[in-house]
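**Student:** Give me a model of this one.
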Amino acid sequence: METLEQIKSRITHALPGARIEIIPNDSPAGQRSLLVDADHGAAIAQFLRDDPELRLDYCSNATGVDWPEAVVKTKIKKQVIVEGVEKEIEETLETLRSGCLETVYHLYSMAKKHGPVILRLRTENRSDKNHLPSLTPVWRSCEFQEREIFDLYGIVFDGHPDLRRILMWEGFVDHPMRKDYVGPDDYDYEPTPHDDVLEKTKQHQAAEVKA
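**Tutor:** Numbers count the residues shown, from 1 in each chain. A predicted model of the protein is given here:
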């Protein structure tokens, strides 16, 4: 299979204006990924599926990621002159990373027997600009997985054929996989009563008695 650099080059040639970034991975697996802009997300997905060299005809997994606003620290090395002697020092730069939500798709080719190619799309923010194009029209296997991401993370997939909650009930407030989600403390029944759940329940019941 082609390298990500080659795939990126051919996508940008086929779809001028598409913004694509190769995301590194420092884990032992080292699986790099392609971050693409939402405006071209559906067209890029179709290119990856239909291109005769790639034929990425199967999406095995679609997952959500929550990226809250955070300060990112980066260490850099620089040369300085100290009392006439050149020395290398290490500095830490702090930059503010804006928050967003992300979907990650793992793509394979059943026809060509290769993969995965990992595709990423990110929303503009975590609040009102939380829309991404649905890739279900390209890979049908995304349908229930995008519903789960919508349910648990709150990403709205434009063009999805049946976008509704799949795990939580209709009318449930918030999205449980968000990193700032605060769970309830008034459990009526817990089949596996973990200590922290029991403690929250006791505190809630005590507060109701006082009220």
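**Student:** roughly how far out does the top helix by length along the chain sit from the chain middle?
**Tutor:** When the chain is parsed with DSSP state H, its longest helix is helix 195-210. Offset of helix 195-210 from its chain centre (C-alpha atoms, centre = their mean, to the nearest Å): 34 Å.
**Student:** give me the beta-bridge partners of the spatially most central residue of the chain?
**Tutor:** Central residue of the chain (C-alpha atoms, centre = their mean): E102, 2.8 Å from the mean position. Under DSSP bridges, the beta-bridge partners of E102 are V65, R122.
**Student:** Quick check, it in contact with R120.
**Tutor:** Yes - counting by C-beta atoms under 8 Å, E102 touches R120, with 5.9 Å between them. Heads up, the C-betas are built off the backbone N, CA and C, glycines and all.
**Student:** where in this structure is pLDDT low?
**Tutor:** For the chain, residues meeting the criterion pLDDT under 70 lie at 186-193, 211.
**Student:** May I have stretch 48-61 as PDB, with CA atoms only?
**Tutor:** C-alpha atoms of stretch 48-61 as PDB (Å, rounded to 0.1, in the frame of the first residue of the first chain):
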ATOM      1  CA  LEU A  48     -10.300   6.700  -0.600                       C
ATOM      2  CA  ARG A  49     -13.100   4.200  -1.300                       C
ATOM      3  CA  ASP A  50     -13.200   4.600  -5.100                       C
ATOM      4  CA  ASP A  51      -9.500   5.100  -6.000                       C
ATOM      5  CA  PRO A  52      -8.400   2.000  -7.900                       C
ATOM      6  CA  GLU A  53      -5.100   1.800  -6.000                       C
ATOM      7  CA  LEU A  54      -6.500   2.100  -2.600                       C
ATOM      8  CA  ARG A  55     -10.100   0.700  -2.700                       C
ATOM      9  CA  LEU A  56     -10.700   1.300   1.000                       C
ATOM     10  CA  ASP A  57     -14.100  -0.300   0.900                       C
ATOM     11  CA  TYR A  58     -14.600  -1.100   4.600                       C
ATOM     12  CA  CYS A  59     -14.700   1.100   7.700                       C
ATOM     13  CA  SER A  60     -14.000  -1.300  10.600                       C
ATOM     14  CA  ASN A  61     -14.200   1.200  13.400                       C
END
